[in-house]
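> Here is my input; please provide its structure:
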Amino acid sequence: MAASQIRYVSTRGGQPPVSFEHALLSAYAIDGGLFVPETLPHFPRAELKRWAAARYTLAQVCAQVISRFTSLPVSDCEQLATAAFSTFNNGVEPPLPLRRFGA
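Predicted coordinates for the structure are as follows:
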């Protein structure tokens, strides 16, 4: 997949849109605001069904989503997600689908 086209804007509105890299490395916008995506990516229902049919792991789903907000390749995002999940739940990645139990 190509690099993300999502640009990041300041929550205070005082900075022109910037790339993911700029937002990540700057931490704060020049006006003191936080960076947020200017737009949100669309995930077509057919794509979500394809992920389900392929029995993607939670790390794979996270990688697909994260890559849409960044310029990182999906493979790098998957490595990051896998590493993050390995630090909790005794290193056992939660299975999909996730379901909430109780209130």
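
> which stretches of this protein form strands?
Taking DSSP state E as the test, the strands found in the chain are 8-10, 35-37.

> Okay, Ala83 and Ser19: tell me how far apart.
24 Å (CB to CB, to the nearest Å). For the C-beta atoms, the positions are set from N, CA and C on the backbone; glycine is no exception.

> which secondary element of the chain has the worst mean pLDDT?
Ranked by mean pLDDT, DSSP states H and E, the weakest helix or strand in the chain is helix 45-53, scoring a mean of 92.

> Who are the contact partners of Ile6?
Residues near Ile6 by CB atoms under 8 Å, 6 or more residues apart in numbering: Phe20, Pro37, Glu38, Thr39, Pro41, Arg68, Phe69.

> need the contact list for the residue most central in space within the chain.
Nearest to the mean C-alpha position of the chain, by CA atoms, centre = their mean, lies Ile66 at 2.1 Å. Contact partners of Ile66, counting by CB under 8 Å, 6+ apart, are Leu72, Cys77, Leu80, Ala81.
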